[in-house]
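Engineer: Got a predicted structure plus its sequence, pasted below:
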Amino acid sequence: MFCSLRGLIVRGPMRGREQQFVLVDEWLGEQPPVDTDAALAELARRYLAGHGPAGVRDLAKWAAVTLGQAKAGFEAIGEEVVEAGPELLRLNDSAAGGEMPAPKLLGPFDPILHGWQSRDFLIPDERERSVVTTNGIFRPTILVDGQVAGIWRLAAGEIELQPFGEINPAALGALEAEVDDVHRFLRASDRD
């Protein structure tokens, strides 16, 4: 682990069931020097693309960088971001593509729920307690229009949707297709 953290080795090919490790220099070749400012800008850009809206503290916690580094990354992409709430930024529409993801069933502990100081922008009102339990369990969630719209569970081989409120017919149709996909996956897994 020490050598991995120092960037001396990385995971290489599997040998049977054993994970092999290889020297970075031999596996990847000589690497060009990294421009710290450019790297922090790219980190902030990619983080917001996958986790926005978010704040400086969110990026610092998620990437294990200092608050100063996270702030520098956000400042470097200042023309690409817009405010999305108190101390929250998101990529502007031209940088992000502007489209919301299709309605989805997300599994427990899905990364979308991790890495923020506050999930208020993602989970409406007081619903967070039904998504994240007091002992830190993240339940499977329903995502509609970029927000958690409910939870779901698998009971006796059937998927039960538990929306927080009414879901529009188009989104409900997409979620029914998701339910079918999960069932298809489970049937295939049972055969293996």
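Structural biologist: Yep, it's here. Residues are numbered from 1 along each chain as shown.
Engineer: So residue 62 lies in a helix, does it not?
Structural biologist: Yes: assessed by DSSP: H, G, I helix; E, B strand; the rest coil, residue 62 belongs to a helix.
Engineer: low pLDDT regions in this protein?
Structural biologist: Applying pLDDT under 70 to the chain flags the ranges 94-99, 115-117, 124-126, 134, 189-192.
Engineer: Give me the longest helix you can find in it.
Structural biologist: helix 169-191 (DSSP state H).
Engineer: I'd like to know which elements that helix is packed against.
Structural biologist: strand 104-106, strand 141-144, strand 147-155, strand 158-163 (3 or more CB pairs under 8 Å, 6 or more residues apart in numbering; DSSP states H and E). No exception for glycine: its C-beta is placed from N, CA and C like everyone else's.
Engineer: Let me know which of the ones you listed is tucked in deepest.
Structural biologist: Comparing the helices and strands packed on helix 169-191 by mean neighbour count (mean count of other CB atoms under 10 Å), strand 141-144 ranks first with a mean of 24.
Engineer: residues in contact with it?
Structural biologist: Identification of contacts with strand 141-144 by CB atoms under 8 Å, 6 or more residues apart in numbering yields 101, 103-106, 110, 112-113, 131, 148-152, 161-163, 167-168, 171, 175.
Engineer: go on, stretch 151-159?
Structural biologist: 105, 130-131, 139-142, 160-162, 179, 182-183, 186.
Engineer: Mind doing that once more with 10 Å?
Structural biologist: 105-108, 127, 130-131, 138-142, 160-164, 175-176, 178-180, 182-183, 186-187, 190 (CB atoms under 10 Å, 6 or more residues apart in numbering).
Engineer: now swap in stretch 167-184 and tell me
Structural biologist: 102-107, 140, 142-145, 149-150, 152, 154, 157-161, 163, 166.
Engineer: Since that was my last question, I'll sign off now.
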